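Student: Dropping the sequence and predicted coords here.
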Amino acid sequence: MRPEPDVTIGMPVRNGGQEIRGALDSLLGQSKGDFRLIISDNQSTDDTVAICADYAARDSRVTLVQQPENRGICGNFRYVLMAANTPFFMWACHDDLWAPDFIAANHAQLMAHPQAIACGSRVTMIGPDGSRPSGGTEPLRGPVTERLVEFFRSPGEASRFYSLYRTAALQRSFPEGIDVFGYDWIVLALTLLEGEYLELPEVLLKRGDHPADHYHRSLVRGQRRWLYRNLPHLPMAMTLRRVLPPEQWRAIRPLVLRRNMIEALMYARYRFPRLAPALRR
């Protein structure tokens, strides 16, 4: 008999049928098996629901929730978090793979370091063109403002978003009304008010990679306002100004504005390919 679960895994998914079996197998094969896995299907139109229902029927740790309406990406990530009632929580994407000791190793670090809100491992990004190390997993320690500045100085792919967290602190850090491009950075910023981030030196997570213009193409499809298309992180900056204490906002404001300019130039590269060489410089 397994001990009472103290970890919840939240898997928000939409149309993940091609990859989700590998993700589920690597999660259910964890050496620390006392967890709950909540899958929130966000109106999939492929065979995702059938696959997940089969896993739920075979393993009592798995719960499948079918959303009656499309919650969007941010809303679905928030849903699985707020459904958790265990001391620890982690998000899981349908196209990622975890080493067997991912949960156990991160759990041990959080138990040993009560000042930390989260612990993750180094990450490898896997895409059609091969693999590469992911940025954005480095430890963030020290005073609150220093942690925030260090994060926004070099956020990378923000792969630390897929760490193991203390649930209550993470829930406090994911308010409603932050459904903007870069919502994950807002959540990470708010968690840094709660505690430190630790990093395991081993690569224990492989994330599915996307083409360089994937998110910018998604932004074009979903954003109607010209200003936000050309300054995609502006809504994020406005939200950070609203939710962060004034002292912390002032400290990171130049870095957030710099990030807006970088994203604007990246977006312009994809809209105007002929200008790409100049924009790259």
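Tutor: Yes, it's here.

Student: partner residues bridging R132?
Tutor: M125 (DSSP bridges).

Student: I meant T8, not that one.
Tutor: R36, F89.

Student: quick one: it from A169, how far?
Tutor: Separation of T8 from A169 (CB to CB, to the nearest Å): 14 Å. Any C-beta I mention is one placed from the backbone N, CA and C, and that applies to glycine too.

Student: Between these two, which is the more surrounded one?
Tutor: A direct count of neighbours by other CB atoms under 10 Å for T8 and A169 places T8 higher, at 22 against 17.

Student: Tell me the spacing between that one and V123.
Tutor: Distance, T8 to V123, by CB to CB: 21 Å.

Student: And S121, which helix or strand is it part of?
Tutor: Element membership of S121 [criterion: DSSP states H and E] is strand 116-127.

Student: could I have that strand exported to CSV, CA atoms only?
Tutor: Coordinates of each C-alpha in strand 116-127 appear next as CSV, following Å, rounded to 0.1, in the frame of the first residue of the first chain:
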residue,chain,number,x,y,z
ALA,A,116,12.9,27.4,-0.6
ILE,A,117,9.6,27.5,-2.4
ALA,A,118,10.7,25.4,-5.3
CYS,A,119,13.4,23.0,-6.5
GLY,A,120,14.0,21.9,-10.1
SER,A,121,16.6,20.2,-12.1
ARG,A,122,18.6,21.2,-15.2
VAL,A,123,16.6,20.7,-18.4
THR,A,124,17.3,19.6,-21.9
MET,A,125,15.1,20.9,-24.7
ILE,A,126,14.3,18.2,-27.4
GLY,A,127,13.1,19.3,-30.8
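
Student: Begin at 6, not 1, for the rest of this chat.
Tutor: Done: numbering now begins at 6, and the last item shifts to strand 121-132.

Student: Buried residues, it. List them.
Tutor: For strand 121-132, the neighbour count (16 or more other CB atoms under 10 Å) marks A121, I122, A123, C124, G125, S126, R127, V128, T129, M130, I131 as buried.

Student: Can you give me the distance of the third one to P8?
Tutor: Think A123. Relative to P8, A123 is positioned 22 Å away (CB to CB).

Student: Same question for the fifth one.
Tutor: Between G125 and P8 the distance is 23 Å, computed by CB to CB.

Student: S65 too?
Tutor: From S65 across to P8, the span is 14 Å (CB to CB).

Student: can you check F94 too?
Tutor: Between F94 and P8 the distance is 17 Å, computed by CB to CB.

Student: I appreciate the help and will end here.
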